[in-house]
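>>> predicted coordinates and the sequence they were generated for:
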Amino acid sequence: MKAVMYHYVREFDSSLPNFKFLDVSNFRKQLNFFDQNYGFVTKEEWDSFTLLGKMPNVLGKVILTFDDAMSCHYDYVFHELKERGLWGIFYVPTLPYSKSKLLDVHRIHLLCGAFDGVSLLKEAMSLLSGDMIPDSKRREFRDETYSNQSNNESISEFKKLLNYYISYDFRESTIDNIGKVFNYKFIPNKFYISEVNLKEMSDYGMIIGSHTVNHPVMSKLNLLEQFYEINASFDSLIKMGVCKEKTYCHPYGGFLSFDSNTINLLNKHNVLYSFNLESREIVANDFNKSKQFLPRFDCNLFDNGQVS
Ligand SMILES: [Zn+2]
């Protein structure tokens with residue numbers, strides 16, 4: 001089985017000229033490609049695997065997953081899946097529902113969509129001082145060059161700086177300050193799927209899972225902080241009436257984004273399965289060995305999945 005991960009699936013917005021997203025028309029083409037070449041895992045087949053470890057009779061079929069609860073997942077994706085009689089798993093960070101705030105990870109995407117990377121990186125570097133980088137990351141931070149001239153390289157360094165290097169104590173205020181310098185207003189309203197629409201998706205048969213509260217790099221957090229992220233996010237989903245089965249997805253993904261505390265907590269919370277980011281198929285052995293970090297491909301590894 002191939003689990004495939006999507007983020008933004010939308011149409012061009014002239015207020016965000018540099019925003020990276022998968023165009024809806026390419027999303028449709030990719031679904032056609034999957035349909036013609038692999039087919040899709042049914043919900044019944046997926047239940048047989050997650051509950052009993054039984055693989056579908058036909059190997060290599062596709063499972064669709066969507067991260068971060070952006071409103072485009074209701075506006076475009078839900079509509080498209082319904083038309084085709086497909087189902088998907090949607091991973092939701094719950095802070096936007098409990099505090100109606102934009103997550104820092106998405107404020108970074110918006111800044112990168114609205115402005116050029118070279119200016120953003122320059123501003124971030126001028127606002128950062130060495131004491132804002134935790135000891136464990138300082139050496140790696142100093143070894144980075146931060147002198148790249150290309151826009152794309154500057155964007156990825158800007159993201160790395162604010163998602164990975166900076167201590168979370170300073171991140172929110174640093175992003176606030178960058179927003180002020182560029183005179184950018186962050187508007188949380190309409191960025192995420194509304195609670196009513198999330199409930200509609202869940203009632204229709206889509207699976208809604210936890211993607212923490214704040215979307216942190218979990219391996220940067222201690223046990224207590226990680227407990228909060230998992231426990232409180234499931235509480236919110238249960239309160240909203242959208243938690244039909246307990247499933248979780250590691251923010252950012254990759255084996256460095258979580259640690260053994262994360263896996264122990266997921267097991268203690270009786271989470272049925274979790275997704276990681278690792279470019280390989282789900283095999284029978286994963287039922288016993290990798291249930292809390294099932295592999296998942298980025299959609300850009302298949303035809304028509306490139307973001308632009
Ligand atoms: Zn995410």
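Thanks, I have the structure now. Residues are numbered from 1 along each chain as shown.

>>> residue in this structure nearest to the ion?
For the chain, the residue closest to the ion is residue 67, as judged by C-beta to the ion, at 4.1 Å. Placement of C-beta: from N, CA and C, glycine included.

>>> touching, that residue and residue 3? I think so.
No: contact between residue 67 and residue 3 fails when scored by C-beta atoms under 8 Å: they sit 11.6 Å apart.

>>> neighbour count winner among those two?
Applying other C-beta atoms under 10 Å to residue 67 and residue 3 shows that residue 67 carries more neighbours, namely 26 against 22.

>>> now the more buried one: how far from residue 74?
14 Å (C-beta to C-beta, to the nearest Å).

>>> cool, and residue 37?
Residue 37 sits 27 Å away from residue 74, going by C-beta to C-beta.

>>> residue 41 too?
Distance of residue 41 to residue 74, given as C-beta to C-beta: 22 Å.

>>> wait, what's in contact with the residue most central in space within the chain?
Residue closest to the mean C-alpha point of the chain, counted by C-alpha atoms, centre = their mean, is residue 67 at 3.9 Å. When contacts are counted by C-beta atoms under 8 Å, 6 or more residues apart in numbering, residue 67 touches 5, 6, 7, 91, 211, 249.

>>> find the pair from those residues with maximum spatial separation.
6 and 211 (13.1 Å; C-beta to C-beta).

>>> hmm, residue 128 and residue 161 touching each other?
Yes: contact criterion C-beta under 8 Å: residue 161 and residue 128 qualify, at 7.0 Å.

>>> which one's more surrounded, these two?
Between residue 161 and residue 128, residue 161 has the larger neighbour count (other C-beta under 10 Å), namely 23 against 18.

>>> setting aside sequence neighbours, what's the nearest residue to that one?
Sequence neighbours aside, residue 124 is the residue nearest to residue 161 in space, at 5.6 Å (criterion: C-beta to C-beta, 6 or more residues apart in numbering).

>>> tell me which element that neighbour falls in.
helix 117-127 (DSSP states H and E).

>>> one more: residue 44?
In this assignment (DSSP H and E), residue 44 forms part of helix 43-52.

>>> name the residues of that helix that are buried.
Under the neighbour-count criterion of 16 or more other C-beta atoms under 10 Å, helix 43-52 has 45, 46, 49, 50 buried.

>>> now swap in stretch 124-135 and tell me
Buried positions in stretch 124-135, judged by neighbour count with 16+ other C-beta under 10 Å: 124, 127, 128, 132, 133.

>>> quick one: pLDDT of the last one?
In this case it means residue 133. pLDDT recorded at residue 133 is 88.

>>> list the contacts of it.
Contacts of residue 133 (C-beta under 8 Å, 6+ apart): 141, 165, 166, 167.

>>> now do it against residue 142, distance only.
Separation of residue 133 from residue 142 (C-beta to C-beta): 9 Å.
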